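Student: need coordinates for the following:
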Amino acid sequence: MASETFWLSLTPTVPGSKSWDAAITRIVTWAKFKHKKSGKIFYHFNTHFDHIGQEARRQSAHMLLQKVNSIAGNTAAIVTGDFNAQPKDEPIRIIVDETNPLHLTDAKVLSKNGHYGPVGTFNGFGPKEKDEAPIDYIFMKGKWQVLQHATISQTWGGRFASDHFAVMAIVMLGK
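Tutor: Just a heads-up that it's a prediction; the model follows:
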């Protein structure tokens, strides 16, 4: 239905821009969807926060919340990505802060059947998670039901698809 990319910087409409202490350019890409059968509308945002800049991650968290609100409004949204931050770190605390009306909720917390798989999501192409805390997340806005949340650590012939495990959720959009 619609899609766009913005840059996590002081000039989000300028392609290739970066700000604060970011090591490299970082983006958010979003798309608006309509479920064919139900006609329900929702948005999906995907991002990758900077791996070096603490201030860049902090500012990116604030910008992400503002943009999700301004783009999706009251419509349901899913926000996914590599946030390069653990739950205790400031960027994640900003995103899930329930005192902020723009906050998002971690799908893992909403899961009716708990979490399956490793807790950590970064593997560095090694046999297990490198840290016991996630840096990859699925966040929710709106009336979603999360039936299952999982971190998939499967390999193929001993090879990893990525240096991060896949994070997935089975979700249903409510009324």
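Student: which of the three states applies to residue 46?
Tutor: strand (DSSP: H, G, I helix; E, B strand; the rest coil).
Student: what's the local residue count around it?
Tutor: Using other C-beta atoms under 10 Å, residue 46 has 15 neighbouring residues. For the C-beta atoms, the positions are set from N, CA and C on the backbone; glycine is no exception.
Student: same question, residue 150
Tutor: Close neighbours of residue 150, defined as other C-beta under 10 Å, add up to 19.
Student: quick check: it touching residue 169?
Tutor: Yes. The criterion here is C-beta atoms under 8 Å, and residue 150 meets it with residue 169 at 7.5 Å.
Student: what about residue 78, neighbour count?
Tutor: 23.
Student: hang on, it in a strand?
Tutor: Yes. Under three-state DSSP, residue 78 falls within a strand.
Student: so what sits opposite it in the bridge?
Tutor: Legend: beta-bridge partners of residue 78 under DSSP bridges are residue 44, residue 140.
Student: now do the contacts for it.
Tutor: By C-beta atoms under 8 Å, 6 or more residues apart in numbering, the residues touching residue 78 are 42-45, 107, 138-141, 144, 171.
Student: relative to residue 27, which of those is nearest.
Tutor: Proximity of these to residue 27 (C-beta to C-beta) peaks at residue 45, which lies at 10.5 Å.
Student: the closest one is in contact with residue 28, isn't it?
Tutor: Yes. Using C-beta under 8 Å, residue 45 makes contact with residue 28 at a distance of 5.7 Å.
Student: could you check how far residue 140 is from residue 89?
Tutor: Plainly put, residue 140 is 20 Å away from residue 89 if you go by C-beta to C-beta, to the nearest Å.
Student: looking at those two, which one has more neighbours?
Tutor: residue 140 (21 against 17).
Student: return the distance of that one relative to residue 112.
Tutor: Noted for residue 140: a distance of 13 Å to residue 112, by C-beta to C-beta.
Student: overlap in contacts, these two.
Tutor: Joint contacts of residue 140 and residue 112 (C-beta under 8 Å, 6+ apart) are residue 146.
Student: the lowest-mean-pLDDT helix or strand in the chain pairs with which strands, parallel or anti?
Tutor: Using mean pLDDT, DSSP states H and E, strand 115-116 stands out as the lowest-scoring helix or strand of the chain, at a mean of 91. Using DSSP bridges, the strands paired with strand 115-116 are strand 144-152 (parallel).
Student: pull out the buried residues from the partner strand.
Tutor: 144, 146, 149-151 (16 or more other C-beta atoms under 10 Å).
Student: what do you get for stretch 71-91?
Tutor: 71-72, 76-87, 89, 91.
Student: swap in stretch 24-44?
Tutor: For stretch 24-44, using 16+ other C-beta under 10 Å, the buried residues are 26-28, 30, 32-33, 40, 42-44.
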